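**Q** Everything below, folded, please.
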Amino acid sequence: MNVEALERACLEAWPARTRVQRDGWEFCATDDRSGRANAVWPLNWSGGDVQRAIADARAWCAGEAISPTFKLADGATAPEGLPAALAAAGFTPRTETLVMTRTTEAATPTFGVELHDEPSDDIWSPLNESAPDPADAAERRDIVERIAVPHRFALVRIDGRPAAVGLGVLTGDLIGIYLMRTAPWARRNGCARDIVRTLMHWGGSEGAQTAYLQVEHANEVAVALYVNEGFDVAYRYHYWRR
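**A** Now for the predicted structure:
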């Protein structure tokens, strides 16, 4: 898997409100809640002085009212000396995140998982219930409503009540699995597993050959679930912050 190609697919699948390019870097800003939509992605380099570029990125982040953050992906970070330059500027790597992939071949849907073309109050309900605060849920909803490429929502109900949600986003032959959220009262019922299987099957039926997702390394329960579903670690990334 080409790391840069997958990173660029992620940029399209989970779109920030503001996105600009400078010297080969991608600058993303939304509401300073989630990581991917509020960070500088240094995927390529066409600039000159790296320390000056770091200072420029910090100023841009300040102007967008987000914390200065760099998202460094293993195998797709440019220039090569950027980690050392960030460390010299007082940044440290945090929140190790795994990007996991598997083929969509043999993925089978699970009975009882609903697929929806459009969001609704039932779709947002598990997100709202599981969010750490309303602002976090609001930013993610804002991002989802901006998605321009094909996508589907997967919803599981328990006793008629919205219990868990997931989102599949198509970019070329990739299906990204996003917005995996289960209401606290509904956990340990296999909802996430059923959603992943159904979204992979939908993606495969639409021509996607590879499924991918991102999960924090510290989330051992989720990592174990995805490993059991056939996902392998393709690469890792960290958020560098001061």
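
**Q** pLDDT score assigned to the residue lying closest to Ala9 once chain neighbours are set aside?
**A** With sequence-adjacent residues excluded and distances taken as Cβ to Cβ, 6 or more residues apart in numbering, Ala9 is closest to Thr171, at 4.3 Å. (C-beta placed from N, C-alpha, C; glycine too.) Model confidence at Thr171, given as pLDDT, is 97.

**Q** I'd like to know how many residues surround Pro93.
**A** For Pro93, the neighbour count with other Cβ atoms under 10 Å is 15.

**Q** Next one: the residue nearest to Ala9 from Cys28, what distance?
**A** Here Thr171 is placed at a distance of 16 Å from Cys28 (Cβ to Cβ, to the nearest Å).

**Q** returning to that earlier point: so what's the residue count around the residue nearest to Ala9?
**A** Applying other Cβ under 10 Å, I find that Thr171 has 20 neighbouring residues.

**Q** And for Met1?
**A** Neighbour number of Met1 under other Cβ under 10 Å is 13.

**Q** can you pull the contacts of the residue nearest to it when sequence neighbours are not counted?
**A** In space, Met1 comes closest to Ala234 once its chain neighbours are excluded; the distance is 4.9 Å by Cβ to Cβ, 6+ apart. Counting by Cβ atoms under 8 Å, 6 or more residues apart in numbering, Ala234 touches Met1, Val3, Leu6, Val99, Met100, Thr101, Tyr212.

**Q** I'd guessed the second one sits against Arg236; true?
**A** No - because the distance of 10.1 Å does not satisfy Cβ atoms under 8 Å, Val3 is recorded as not touching Arg236.

**Q** re earlier: next, the residue nearest to Met1: secondary structure please.
**A** Ala234 carries the three-state label strand when classified by DSSP: H, G, I helix; E, B strand; the rest coil.

**Q** pLDDT value on it, please?
**A** 97.

**Q** Please apply the same query to Gly112.
**A** For Gly112, pLDDT reads 89.

**Q** Quick one: the helices in this protein, in order.
**A** With DSSP state H as the criterion, the chain has helices at 3-13, 50-63, 82-88, 121-130, 134-144, 191-205, 220-228.

**Q** Give the burial count for Arg161, as a bare number.
**A** By other Cβ under 10 Å, neighbour count at Arg161 equals 13.

**Q** again with Arg102
**A** By other Cβ under 10 Å, 20 other residues sit near Arg102.

**Q** quick one, what contacts it?
**A** Shown in contact with Arg102 (Cβ under 8 Å, 6+ apart): Met200, Thr210, Ala211, Glu229, Gly230, Phe231, Asp232.

**Q** ok, now Arg236?
**A** The neighbourhood of Arg236, defined by Cβ under 8 Å, 6+ apart, consists of Ala73, Asp74, Glu96, Thr97, Leu98, Val99, His217.

**Q** if I look at it, how far off is Ala192?
**A** 21 Å.

**Q** Just read off the phi/psi values of the closest residue to Ile66 other than its chain neighbours.
**A** Once flanking residues are discounted, Ile66 sits nearest to Asp32: 4.1 Å by Cβ to Cβ, 6+ apart. Main-chain torsions, Asp32, degrees, to the nearest 10: phi 70, psi 30.
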